[in-house]
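A.B. asks: for reference, the sequence and a predicted model appear below.
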Amino acid sequence: MGYPQKLLSDGEVIKFEMKPHWRALIWPILLLIIVAGLSAFLTTITAAWAPFNLIFAAIGLIIIIIWAFIPFLRWVTTQYVFTNRRIIIRRGLLTKQGRDMPLSKVNNVTFEVSFLGRILNFGRLIIQSAGEDSGLDIDDVPNVEVIQRDVYQLYEEDDARRRGVSGDTGHTQVLPSDGT
């Protein structure tokens, strides 16, 4: 599901949007497999003792809900949206959490990529702000180097738009003062 167009201002266009990198689901999926298998095994070997079956099943279900299902819901409900005017981060299913940063406030865009991030192609995008807030730190960004370049390009385009410069280059043409 994409970001609702009704939440954009006039003239604002979504340039790209994404979810956190799929690697955020690795541990919840592994935990789901291990806990489900272990619960099934323990339930089978204690089949004669019905109360233990229920206890193992309940403990397994609680672990799966807390450490597998909830992280999956967090991943599904997190959006990173980049428009021609701002950067939008939205999280949450039952309760919503959001943070926007106008591109006009961007001072610096950097990234960090760990060893695992180099292998799986994800990293952390750090956007420093000119405002009072400290900026945005966005974890698990897929293709973080490309996104860093694209955010900087969006900033340049927004800066040119605000200065009234036409074209995508961001440069104004200066004519000689003698009219030639």
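C.D. replies: Nice, I can see it. Numbering: from 1, shown residues only.
A.B. asks: give me the element the closest residue to Gly98 other than its chain neighbours is part of.
C.D. replies: Nearest in space to Gly98, with sequence neighbours left out and distances taken as Cβ to Cβ, 6 or more residues apart in numbering, is Arg90 at 4.8 Å. For glycine as for every other residue, the C-beta is placed from the backbone atoms N, C-alpha and C. For Arg90, the host element (DSSP states H and E) is strand 86-91.
A.B. asks: same deal with Val141?
C.D. replies: Residue-wise, Val141 maps onto strand 136-142 under DSSP H and E.
A.B. asks: before we move on, what about Pro20?
C.D. replies: Element membership for Pro20, per DSSP H and E: none, as it lies in no helix or strand.
A.B. asks: on that earlier part again, surely the residue nearest to Gly98 and Asp100 touch.
C.D. replies: No - using Cβ atoms under 8 Å, Arg90 makes no contact with Asp100, being 9.2 Å away.
A.B. asks: hang on, isn't Ala68 packed against Leu32?
C.D. replies: Yes - assessed by Cβ under 8 Å, Ala68 is found in contact with Leu32 at 4.2 Å.
A.B. asks: and those two? which has more neighbours close in?
C.D. replies: Ala68 (21 against 18; other Cβ atoms under 10 Å).
A.B. asks: next up, the contacts around that one.
C.D. replies: 28-29, 31-32, 35 (Cβ atoms under 8 Å, 6 or more residues apart in numbering).
A.B. asks: Glu17 too?
C.D. replies: 2-3, 79-82 are the contacts of Glu17 under Cβ under 8 Å, 6+ apart.
A.B. asks: ranges for the helices of this structure?
C.D. replies: In the chain, the helices defined using DSSP state H lie at 26-45, 50-64, 70-76, 115-120, 144-163.
A.B. asks: may I see the buried residues of the shortest one?
C.D. replies: Along helix 115-120, the positions that meet the burial threshold by neighbour count (16 or more other Cβ atoms under 10 Å) are 117, 120.
A.B. asks: looking at Arg90 and Asp100, which is more packed in?
C.D. replies: More crowded of Arg90 and Asp100, by other Cβ under 10 Å: Arg90, with 18 against 15.
A.B. asks: could you list the low-pLDDT ranges of this protein?
C.D. replies: Scanning the chain with the threshold set as pLDDT under 70 gives 1, 131-133, 166-180.
A.B. asks: brilliant, that's me finished.
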